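Engineer: Sequence plus the predicted model coming up.
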Amino acid sequence: MIRHATSADVPVIHAMVRELADYEKALDEARATEEQLREALFGERPAAFAHIAEDDTTGEPVGFALWFLNFSTWRGVHGIYLEDLYVRPAARGAGHGKALLTELARICVARGYERLEWSVLDWNEPSIDFYRALGARAQDEWTVYRLTDGALGALGSAG
C-alpha cells in the first residue's frame, strides 16, 4: 500500500534517509534533522512531499519516496524530481519500489506534468536495472554539478 506521508512518519522517514545514505556510502553527509524534514514536508510552505510504502500484512513502513516539483522551460510545465526512493532491504522484491514510482507517475499524468526525473549512482547496478525495466532512460549526455559547503559559501559571498 502506498499513502501520503504524515507528520507522524517523520521519524521513520529520517531513519530511512540515514539507511539510504549509509547504503550510498555517504552517511556522514546525511545531516538533516527530523525537525528540518518536518518543516520541509509539513511546514507553513512545504518544499517537498513524501509517500510511504507499507507492508501489506503488518502495515509497517518499509519504504518511501521524497520528491519536489521542478519546471521544464522546454516543455513549459512542472515535473517531479524524485530526491529519494528507498525500500528497506528485507522488503525489496515485493513491488514497493515500483508501487512508489507508479504513484508518482500517476500524479504526473493526473496533473499534466511531463517529466519524472531522478539521479542514481553509477555503481548502483540493481537500481539501474530496475529503472531500465520500467522504461526509464539514462540521461548520459548530462553531468550533474553541485556546489556545497565552502565552494557554495565562497561563490555566494562573492561581491
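Structural biologist: Noted; the coordinates are in hand.
Engineer: and the spatially closest residue to Glu29 that is not a sequence neighbour, what is it in contact with?
Structural biologist: Spatial nearest neighbour of Glu29, excluding adjacent residues (CB to CB, 6 or more residues apart in numbering): Ala21 at 6.5 Å. (Glycine included, C-beta is placed from N, CA and C.) When contacts are counted by CB atoms under 8 Å, 6 or more residues apart in numbering, Ala21 is found next to 27, 29-30.
Engineer: quick one: Leu100 is in a helix?
Structural biologist: Yes - with DSSP: H, G, I helix; E, B strand; the rest coil as the criterion, Leu100 is located in a helix.
Engineer: so what pLDDT did it get?
Structural biologist: Leu100 is assigned 98 on the pLDDT scale.
Engineer: okay, now it: neighbour count?
Structural biologist: Using other CB atoms under 10 Å, Leu100 is surrounded by 23 other residues.
Engineer: now swap in Leu82 and tell me
Structural biologist: By the criterion of other CB under 10 Å, Leu82 has 17 neighbours.
Engineer: Could you report the separation of it from Thr58?
Structural biologist: 25 Å (CB to CB, to the nearest Å).
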